[in-house]
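> sharing a model that was predicted from the sequence below.
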Amino acid sequence: MFSIGDKVFYPRHGAGVIEGIEEKEVLGEKLKYYVIRVALKDMSVMVPIDKTETHGIRDIMSGDRIADVFNILSGETGRMCKNWGIRYRENEAKIKKGDIFEISELVKNLTVADRGKKLSTSEKRMLENARQLFISELMLIMDESYENMEAVIENAIK
């Protein structure tokens, strides 16, 4: 269970801070919700406490693992499936899972691919979404602005 002030990652919206715990009545049933202030957007989302695992909500990565993420960004590009449809579904699953290491690998691979052959519109959108999710978590870990984190990531990807 999370507490007010905890920094969490929500795969649908990115990293944020739990601002409150509220009880709401929905369809005659009282449920408790986490109120999460999303780091990148001027919004809060409410997630039922008993559904956090289903939604993939987790603590943000600890700062001592940041070097591992940057090793992924500066390391070798991973293999991507040549079949666009399969590759897209695999990448979509990585985003929904919300694992920072898989998302960092996806950001690296799609960025390198875009520099080379240019991505399709759908994959460009996916890259932008993954990049925002990734940066939102790094912002909270490193206490940096979006612009600074974006530049750091660009410089790290060879």
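Cool, got the structure. Numbering: from 1, shown residues only.

> all the strands of the protein, in order from the start?
Assigned by DSSP state E, the chain shows strands spanning 7-10, 14-26, 29-38, 44-48, 58-59.

> and Gly75, which of those strands is closest to it?
Closest approach to Gly75 among the strands of the chain is made by strand 7-10 (22.3 Å; C-beta to C-beta). For glycine as for every other residue, the C-beta is placed from the backbone atoms N, C-alpha and C.

> that closest one packs against which elements?
If contacts are counted by 3 or more C-beta pairs under 8 Å, 6 or more residues apart in numbering; DSSP states H and E, strand 7-10 sits against strand 14-26, strand 29-38, strand 58-59, helix 121-142.

> with just CA atoms, put it into CSV.
C-alpha atoms of strand 7-10 as CSV (Å, rounded to 0.1, in the frame of the first residue of the first chain):
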residue,chain,number,x,y,z
LYS,A,7,6.3,8.8,-5.9
VAL,A,8,4.8,6.2,-8.2
PHE,A,9,4.7,5.2,-11.8
TYR,A,10,1.4,4.7,-13.6
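
> which of the helices and strands packed on strand 7-10 sits most buried?
Stretch with highest mean neighbour count among the helices and strands packed on strand 7-10: helix 121-142 (a mean of 18; mean count of other C-beta atoms under 10 Å).
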